[in-house]
Every structure is written in C-alpha cells, then in structure tokens.
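**Q** Can you look at this prediction? I've put the sequence above it.
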Amino acid sequence: MAKDQEVERIAKKLDKMVNKKNTDGAIDLLKELKNMKMSLETLQSTRIGMSVNAVRKQSAEEEVQSLAKSLIKSWKKLLDGSDGKMEEKKKDSSPLTSSSKDSPGSSDWSSSKKQETPKSPTTPTTPKFTTFPPTPVTADSVRTKCRELLVAALQTDDDYKTIGVDCDTLAAQIEDYILWLDLLTAYKHYATNVGAASSLG
C-alpha cells in the first residue's frame, strides 16, 4: 500500500503547481500515483483526490487530464466498493436478528448492532443542512464567481453526497457570511476613524 507520507509529498507538489498556475512535471507525479496501490484510509487522510482534480482542471495537457481522470475514476471505485461492503455487512447481520428468539444472548448483540448502524457513513441518521435560510440572491458577477468556486471545492469528493448537502445553497451561505464579515470589519474601521476625527475637534 502507498505510504501516507509519500502521497502527501506528491499532493503538496501538485498543490504548489496549481497555486503557481504551472503544471509542468505534473504528468510524472501522476504516473507515480498510478503505480501506487492506494488504500481507502490514504485517500481520506491525504485528500489526494482534491489535488489531482485541481491539476486536471488547470492543466491544458491532454495527457495530464486523461491520466488525472483515470486516477480519480479508479479511486472512486475504491470508495464505492467500501460503501458496498458496508451494505453487505448490514445484510449479513439481518439473519442474526431474526434468530434472536432462539438464542438467549443474541438479542443483546442484535440490539447493540442496531445502535451502531446509524454510525455508518452510508446511512446518516438525520439530514444535514436542512435548516439553512433561503439562498441569498445576487446579481454581482464577482460574488457569483466566488460561489461557483466554493461549489467546486465542496464537490471535489463524495462527502457532500454522503451527508446529503446542497452544495449550491451551502456555497451561497458561506459566501454571504464572508461578505458580511468583511462589511462588519470595514464598518468598525470606519467607526473608529470617525470617532478619532471627532475627538480632534
């Protein structure tokens, strides 16, 4: 399996390329990743998928885009496979609960399994982000672009699907809150300056 440190090293290099808007050499790093046997834990802890996806979007090289897509697709299968195993485990546990009447100790075991089941990432107990106020509307092109960037960042992996979040709504809320903080900061500076000016008189 790929070592987390090695994958993190490659992820940092890819992130630097994206920040500098220069993806020269990205193909070599992607080939290194292709030769690594990736584990689900490594994918989740290093978030290498986000780095590869960012390089794919920025690079104009067809080979880089193709290899990045191939890596992301194979990693997605790994994630989907883990979800499938969780479903199988849940199905395997169902016959045990039906035989609880015959086995005196099995009822305790089955009830504990039922309590643990909601912890599964594939079956969230409560829907998330359902209490947000209506999405603030804006016609400002800069704000709209910022929201698009936030949506893209939120959708870089499948976490948003697992917890059932509306990325458009969440991105709009985040952008609106950031703008509110900026306005509040600007107002405080304004009030301080006015107070200082009035004291001079």
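**A** Arrived safely, thanks for sending. Numbering: from 1, shown residues only.
**Q** can you pull out the helices in this structure?
**A** Ranges of helices in the chain, per DSSP state H, are 4-20, 26-34, 40-46, 48-58, 62-98, 106-116, 141-154, 159-163, 167-200.
**Q** other SSEs contacting the last one?
**A** Using 3 or more CB pairs under 8 Å, 6 or more residues apart in numbering; DSSP states H and E as the contact criterion, the elements in contact with helix 167-200 are helix 141-154. C-betas here are computed from N, CA, C, even on glycine.
**Q** quick one on the thing from earlier: which of the helices of the chain comes out lowest on mean pLDDT?
**A** For the helices of the chain, mean pLDDT drops lowest on helix 106-116, to a mean of 54.
**Q** Contacts only, for the closest residue to residue 29 other than its chain neighbours.
**A** Closest residue in space to residue 29, ignoring its immediate chain neighbours: residue 10 at 5.1 Å, by CB to CB, 6 or more residues apart in numbering. Contact analysis of residue 10 by CB atoms under 8 Å, 6 or more residues apart in numbering lists 29, 32, 33, 48, 51.
**Q** Kindly recompute the last result at 10 Å.
**A** 2, 28, 29, 30, 32, 33, 36, 46, 48, 51, 52 (CB atoms under 10 Å, 6 or more residues apart in numbering).
**Q** Dump those residues to TSV, plus distance to residue 139 and neighbour count.
**A** Below are the contacts of residue 10 laid out as TSV (distance: CB to CB, whole Å; neighbours: other CB atoms under 10 Å):
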residue	distance to residue 139	neighbour count
2	46	18
28	44	10
29	41	21
30	40	23
32	45	15
33	42	22
36	46	16
46	39	21
48	38	24
51	34	25
52	35	25
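**Q** can you list the domains in this structure?
**A** Taking automatic domain parsing as the reference, the chain has its domains at 1-87, 124-201.
**Q** Next, count neighbours for residue 154.
**A** For residue 154, the neighbour count with other CB atoms under 10 Å is 17.
**Q** how near is it to residue 66?
**A** 25 Å (CB to CB, to the nearest Å).
**Q** and what of residue 17?
**A** Separation of residue 17 from residue 66 (CB to CB): 17 Å.
**Q** Looking at those two, which one has more neighbours?
**A** Each of residue 17 and residue 66 has its neighbours counted (other CB under 10 Å); residue 17 has more, 20 against 13.
**Q** if I read this right, the more buried one contacts residue 52, doesn't it?
**A** No - under the criterion of CB atoms under 10 Å, residue 17 is not in contact with residue 52, lying 11.0 Å apart.
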